[in-house]
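Q: fold the following and give me the result.
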Amino acid sequence: MRRAIEISPSVSLAHVYPGVLFCREGRFDESIQEYAKARELDPLSVINARGMAMADLFNGDANHALDLLRQANEL
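A: Got it, this is the predicted structure:
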């Protein structure tokens, strides 16, 4: 996954997959960083918003998670 980012750093999905992996491993801060980069590259992606919401929720930031889910629903 790191190689995908090296090859195509401007591709949103290159950051989503590490975000998923880090979240599954309980590395929520790293997950949030990857999802933030993915959202920066593709702010209209529902997948990016929902993934980051999950990481925020598990990281204890339920308010931000709820805001992101509302944004995803609007998209």
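Q: can you show me the CA trace of the one helix or strand Pro18 maps to as CSV?
A: Here Pro18 sits within helix 13-24, counting by DSSP states H and E. Extracted C-alpha coordinates of helix 13-24, given in CSV (Å, rounded to 0.1, in the frame of the first residue of the first chain):
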residue,chain,number,x,y,z
LEU,A,13,-8.0,5.2,-3.0
ALA,A,14,-4.2,4.9,-2.5
HIS,A,15,-4.9,6.5,0.9
VAL,A,16,-8.2,4.8,1.7
TYR,A,17,-6.8,1.2,1.9
PRO,A,18,-4.1,2.1,4.4
GLY,A,19,-6.9,3.9,6.3
VAL,A,20,-8.9,0.8,6.5
LEU,A,21,-6.0,-1.3,7.5
PHE,A,22,-4.9,1.0,10.2
CYS,A,23,-8.4,1.2,11.6
ARG,A,24,-8.6,-2.6,11.8
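Q: who touches the helix or strand following it?
A: Downstream of helix 13-24, the next assigned helix or strand under DSSP H and E is helix 28-41. Identification of contacts with helix 28-41 by C-beta atoms under 8 Å, 6 or more residues apart in numbering yields 10-13, 15-16, 18-23, 45, 48-49, 51-52, 55-56, 58-59. Bear in mind the C-beta positions are built from the backbone N, C-alpha and C, glycine included.
Q: mind redoing it with 7 Å?
A: Applying C-beta atoms under 7 Å, 6 or more residues apart in numbering, the external contacts of helix 28-41 come out as 10, 12, 15-16, 18-19, 22-23, 48-49, 51-52, 55-56, 58-59.
Q: please indicate which of those are buried?
A: Buried subset of those (neighbour count, 16 or more other C-beta atoms under 10 Å): 12, 15-16, 18-19, 22-23, 48-49, 51-52, 55-56, 58-59.
Q: just give me the closest of those residues to Ala72.
A: When the buried ones among the contacts of helix 28-41 are compared for distance to Ala72 (C-beta to C-beta), Ala49 wins out at 4.0 Å.
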